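In: Build the 3D model from these lines:
(4 chains)
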2 protein chains.
Amino acid sequence: MSSTPQKRAVRKSPAERAAEITEAARELALEAGLTALTLRNVAARVGVASGLVAHYQPNMDALVSSTFATIVAAETQEVAGLLSQRPGPSERLGLLVDTLLDNSRLDVTAIWVEAWTLGRRNEMLAASVREQMDAWQKVFQGVVEDGNATGDFNVSDAAAVAWQILGMVDGLNAQALVRWDGVNDRGTHLARAVEGMVGAVPGSLMATPSA
Amino acid sequence: MSSTPQKRAVRKSPAERAAEITEAARELALEAGLTALTLRNVAARVGVASGLVAHYQPNMDALVSSTFATIVAAETQEVAGLLSQRPGPSERLGLLVDTLLDNSRLDVTAIWVEAWTLGRRNEMLAASVREQMDAWQKVFQGVVEDGNATGDFNVSDAAAVAWQILGMVDGLNAQALVRWDGVNDRGTHLARAVEGMVGAVPGSLMATPSA
DNA sequence: CCTCTTGTTGATCACACGATCAACAATGCT
DNA sequence: AGCATTGTTGATCGTGTGATCAACAAGAGG
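Out: Numbering: from 1, shown residues only, chains lettered A, B, ... in the order given. Just a heads-up that it's a prediction; the model follows:
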C-alpha cells in the first residue's frame, strides 16, 4: 500500500550520501528556489531522515550557499564553452547576449535574484554571489578585450564595460522573470545598446544562428 | 525604569491607527526588507499588541503588497516630478538615467529585488509588482516618444525600448546592491548604451548637473 | 557467527511565524 | 453617573524552521 514511506534508507558510503544530498538540493533549488532548501525538504527528496541532512552539512546556510555556487558555476562554464566555438569577438559577444536572453535559463535567473536578497542574511551566500558575479564579469571582459585587440571594439575600460553588460543582462532577465510578455526582440535591442557601449559597428553583433 | 514596555497603547481612531501601521511597515521595509514585515515586528514598532496589526490588515500578504506599492509608487512619482522640470527629451532621459543610478535609492532597489522573488509566493504582491513596473515603463516610454516627436531620438518601438532601458537600470541597480565597487562611472556607460538604443547623438544624454 | 564500527533514525528543543478570539478598558454618549 | 461602543490586549493554536543527540541497525572484519 505504501510506496514512499519506506522503512529505512539503505546504508551508503559518506561520499555517496553527500553527493545525493547536494544533488537533491540542486534539483530542489532549481524547481522551488533556494528558500525551499530546508532540512526536511531536502531529506524528503533524498528519502532520508532530516537529521541525516544536518549530519552531512555544517548548517543550512552552507548548503544554500554551495548549492547556489554549484548551479551558477555550471551555467557559467556551459556558456563559456559555447563561446570558444565562435570565431571572432563580435560573434562571441553576439552569442553571449543572445544566449543569455533566450529565456531557457529562467530557473537560474530566479536563483540569482533570490541570492541577491538572501545574501543580506547569509554571509556565506553573499560571498558566493560576489565570487560568481566576478566569474561572469571575467567572461564578458575577456570578450571585450579580444575585440579591442582585433579592432572590432573600441573600449577604454574593458572591466567597467563588462560589468555594465552583465548588469544589463541580469536586469533584463530578472524582468523576464516577472514580465515575460511586452517585449519580443529583446536580443536585438540589447545588441544595439551593447554595440554603442563597445564602439562596434551597428549590426555587427547580430547573431547568425548556428541552426 | 522601563521606557519601552508601556502598559497600554493610547486609544486612537481607526484611521489614525491604520496610518500608523502602514507607516511603520513602510519604515521597517526600507530598513530591513519586506521579509521583516511580520505581525510582531510591525506591532513592536507601533508600540502595540501583535493582534492589533492583524486586526487592521486582512492578512500579512496584503500588508507586504501594499507596503511595496506605497514605497515604489512614491519613488516613481518623485522622479517623474523631477523630469518635468527638464526642457527636452535628451535632458530628461539623461536625468532619468543619472538619477536612477546615483546610489541614493539602494533601499528601494533592495525592495524591488525582494519583491521579484517574494512575488512567487504572494500573488497579491506579484500583481503589485507588475503594476509598478508598468508605471515605470510608462515614464520611460513617454520620454522616448517625446524624443521621437522632436527628432532627438529615432525609435520604431518606443514601448519595447522603454522596457529595455528599465530592465537595464534595474539590473545595474541590483548589481550595485551587491557590488557597489568595481564600476565608477556607470552613468556614462549606460548613457552611451541608451544613446545607441534610441538613436540619439552620442554624448547628447550627458547630464548637465543642475548643481 | 559474533562484534564493533558507523551510517541512520526520529523524537525533541527552542524559536518564529500568521491567525484567532474571549476578555478587557478607554472613550463617547445618554 | 452610568452605560454602550469599540479600540486593544495577550494568551493560544497549528505549523514550520534549524539544530541536537541518544538509540538503533546494517554491514564489515574478525
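In: Verify the contact between A:D152 and A:P89 for me.
Out: Yes - counting by CB atoms under 8 Å, A:D152 sits close enough to A:P89 to count as a contact (4.9 Å). Any C-beta I mention is one placed from the backbone N, CA and C, and that applies to glycine too.
In: For A:A80, give me its contacts.
Out: A:V139 (CB atoms under 8 Å, 6 or more residues apart in numbering or on different chains).
In: Now do the same for it: its pLDDT.
Out: Per-residue confidence (pLDDT) for A:A80: 95.
In: quick check, distance from the helix or strand harbouring it to the centre of its chain.
Out: Here A:A80, judged by DSSP states H and E, is contained in helix A:60-83. With CA atoms, centre = their mean, to the nearest Å as the basis, helix A:60-83 stands 6 Å off its chain's centre.
In: Is that helix in proximity to DNA strand C?
Out: No - using CB under 7 Å from any atom of the strand, helix A:60-83 never reaches DNA strand C; the gap is at least 12.9 Å.
In: Next secondary structure element downstream of that helix?
Out: Once the chain leaves helix A:60-83, the next helix or strand it forms, by DSSP H and E, is helix A:89-100.
In: Please see if that next one touches chain B.
Out: No - contact of helix A:89-100 with chain B (CB under 8 Å from any CB of the partner chain) is absent, the minimum separation being 11.4 Å.
In: what does the helix or strand just after that helix rub up against?
Out: Counting by DSSP H and E, the next helix or strand C-terminal to helix A:89-100 is helix A:106-118. With CB under 8 Å, 6+ apart as the test, helix A:106-118 has contacts from A:29-31, A:33-35, A:64, A:68, A:71-72, A:75, A:125, A:128-129, A:170, A:173-174, A:176-177, B:33, B:35, B:110, B:113-114, B:116-117, B:120, B:174, B:177-178.
In: Just the CA atoms of the helix holding A:A80, as CSV, please.
Out: Extracted C-alpha coordinates of helix A:60-83, given in CSV (Å, rounded to 0.1, in the frame of the first residue of the first chain):
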residue,chain,number,x,y,z
MET,A,60,21.8,25.1,6.2
ASP,A,61,23.3,28.4,5.2
ALA,A,62,26.3,26.5,3.9
LEU,A,63,24.1,24.2,1.9
VAL,A,64,22.2,27.1,0.4
SER,A,65,25.5,28.8,-0.4
SER,A,66,27.2,25.8,-2.0
THR,A,67,24.0,24.9,-4.0
PHE,A,68,23.9,28.4,-5.4
ALA,A,69,27.6,28.2,-6.4
THR,A,70,27.1,24.8,-8.0
ILE,A,71,24.2,25.8,-10.1
VAL,A,72,25.6,29.1,-11.2
ALA,A,73,29.1,28.0,-11.9
ALA,A,74,27.7,25.2,-14.1
GLU,A,75,25.9,27.8,-16.2
THR,A,76,28.9,30.0,-16.5
GLN,A,77,31.1,27.2,-17.7
GLU,A,78,28.5,25.9,-20.1
VAL,A,79,28.1,29.3,-21.8
ALA,A,80,31.8,30.0,-21.7
GLY,A,81,32.2,26.7,-23.5
LEU,A,82,29.8,27.7,-26.3
LEU,A,83,31.8,30.9,-26.7
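In: could you give the angle of it to helix A:89-100?
Out: 140 degrees (axes from the mean of the first three to the mean of the last three CA atoms, to 10 degrees).
In: Pull the residues that contact the host helix or strand of A:G51.
Out: Using DSSP H and E, A:G51 sits within helix A:50-56. Here helix A:50-56 makes contact (CB under 8 Å, 6+ apart) with A:9, A:14, A:17-18, A:21, A:39-40, A:42-43, A:46, A:63.
In: list the buried ones in that helix?
Out: Within helix A:50-56, the residues scored as buried using 16 or more other CB atoms under 10 Å in any protein chain shown are A:52-53, A:56.
In: burial count for the nearest residue to A:A24 once chain neighbours are set aside?
Out: Among residues not flanking A:A24 along the chain, A:R45 sits closest, at 4.2 Å (CB to CB, 6 or more residues apart in numbering or on different chains). Counted with other CB atoms under 10 Å in any protein chain shown, residues neighbouring A:R45 total 18.
In: now for the host helix or strand of A:R45, which elements pack on it?
Out: Element membership for A:R45 (DSSP H and E) is helix A:39-46. Applying 3 or more CB pairs under 8 Å, 6 or more residues apart in numbering or on different chains; DSSP states H and E, one finds that helix A:39-46 contacts helix A:14-32, helix A:50-56.
In: Tell me what angle that helix forms with helix A:14-32.
Out: Calculated by the same axes, to 10 degrees, helix A:39-46 forms an angle of 110 degrees with helix A:14-32.
In: Show me which residues of helix A:39-46 are buried.
Out: Residues of helix A:39-46 classed as buried: A:39, A:41-46 (neighbour count, 16+ other CB under 10 Å).
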